[in-house]
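> no FASTA, just this:
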């Protein structure tokens, strides 16, 4: 029997925890599939671009293909969110996993330039766009699907759990890439070894799809469907027409989390090498530890959002994150021996704003929530995240403090959003 709408004062049940775990599993898998690309750029450049061009140009073109996936996220998120609001969260959720699994397996099986010629990089770009479309719908759907399965008083916890669980995909991506480089000879990686993680991602996607078949539609969507209150207008138009302030608040609230995710988890190893002259191996190890701290802090964040209310929690946690950033990027100038612990501390501070996604979930009426959450999230996760590495990498040689300035701007946007939200009663009260 499908689960009944949860009571406001009820603790999370075993079935709700199982639902959250399966939600995280799909999100982690899609992020794994999405980011594994960047760890094999040299091999992909050799496989899919003409052998006569300079290697740096082939790598640059491969990075452009990688960035295309980010730029496809907002488009995919909005399109898939439309169906999430009209035909159901579960069916859309299942489709995004299928789409990502198919595209990732497609990359694993794609013949190289030597076989297809110029069609090879074009098909690689097309499959990367499909990946972007899939992850654009999956991540927004994950937050909403998890939150709508629990009582409103526990939605912060659900969002924090999903934020941490999805981020595991990046940690797994680092681990798989490291394992492949240890086990497979470098020459073989350039010819066939790079296909292993993509094939693994495709297979795990199919396994996740099978496991997710047992999930039920969210109680919120079922209530809308049964009462005939599904959106009759185009959800995207309704969001732009009547909920622009909610979009701005959601973007401001969620930017700190994504900024820390990109700067510390994705770019962290590179920054450690550039700013502190750490070896590549040590930098990857430090990046793994900081990402683990980021993941563990996210559920704690969700609990604080439930206890304090979204406005006060957002203000406090953004300020704490900024303190951690400052200690890492400024304090280590006088205490270089503390680079590793302060980097881990900064990672934990970034994870502490993981519960901010609950602001998006609560900002929009249920009938258009998938579209509202997806638009807000993908403005940050697609456009902002896609441009962040370009901005920081371009300015870093002339302005070494640019990572701190960027993180400070994101944290202050969160503070502003928290102040705009005010101090309502904690979630579920009243």
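Alright, I've got the coordinates. Computed from a prediction, not measured in an experiment: that's the story for all the values here.

> I'd guessed residue 81 sits against residue 239; true?
No: with the criterion set as C-beta atoms under 8 Å, residue 81 and residue 239 do not qualify as a contacting pair; they are 9.2 Å apart. The C-beta positions use only the backbone N, C-alpha and C, and glycine is treated the same way.

> shared neighbours, the two?
By the contact definition C-beta atoms under 8 Å, 6 or more residues apart in numbering, residue 81 and residue 239 are jointly contacted by 371, 375.

> the more surrounded of these two?
When residue 81 and residue 239 are compared on other C-beta atoms under 10 Å, the one with more neighbours turns out to be residue 81, at 30 against 26.

> secondary structure element holding the nearest residue to the more buried one once chain neighbours are set aside?
Leaving aside its chain neighbours, residue 81 sits nearest to residue 374 (3.6 Å; criterion: C-beta to C-beta, 6 or more residues apart in numbering). If you go by DSSP states H and E, residue 374 is part of helix 369-378.

> elements contacting that helix?
With contacts defined as 3 or more C-beta pairs under 8 Å, 6 or more residues apart in numbering; DSSP states H and E, helix 369-378 has these neighbours: helix 55-86, helix 119-147, helix 235-242, helix 244-260, helix 357-363.

> where among those is the average confidence lowest?
If you rank the helices and strands packed on helix 369-378 by mean pLDDT, helix 55-86 sits at the bottom with a mean of 73.

> tell me which residues of the helix or strand following that one are tucked away?
Sequence-wise, the next helix or strand beyond helix 55-86 is helix 89-109, with elements assigned using DSSP H and E. Residues 89-90, 92-97, 99-108 are the ones in helix 89-109 that count as buried (16 or more other C-beta atoms under 10 Å).

> got the angle for helix 89-109 vs helix 369-378?
Our comparison of helix 89-109 with helix 369-378, counting by axes from the mean of the first three to the mean of the last three C-alpha atoms, to 10 degrees, yields an angle of 40 degrees.

> report the spatially nearest residue to residue 252, omitting neighbours in sequence.
By the measure of C-beta to C-beta, 6+ apart, the closest residue to residue 252 outside its immediate chain neighbours is residue 417, 3.6 Å from it.

> oh sorry, the question was meant for residue 270
The spatially closest residue to residue 270, leaving aside those adjacent along the chain, is residue 283, at 7.4 Å (C-beta to C-beta, 6+ apart).

> that neighbour and residue 226: what is the separation?
The spacing between residue 283 and residue 226, counted by C-beta to C-beta, to the nearest Å, is 53 Å.

> angle of the helix or strand of the chain with the lowest mean pLDDT against helix 119-147?
Comparing every helix and strand of the chain by mean pLDDT, DSSP states H and E singles out helix 55-86 as the least confident one, with a mean of 73. For the pair helix 55-86 and helix 119-147, the angle between their directions (the same axes, to 10 degrees) equals 40 degrees.
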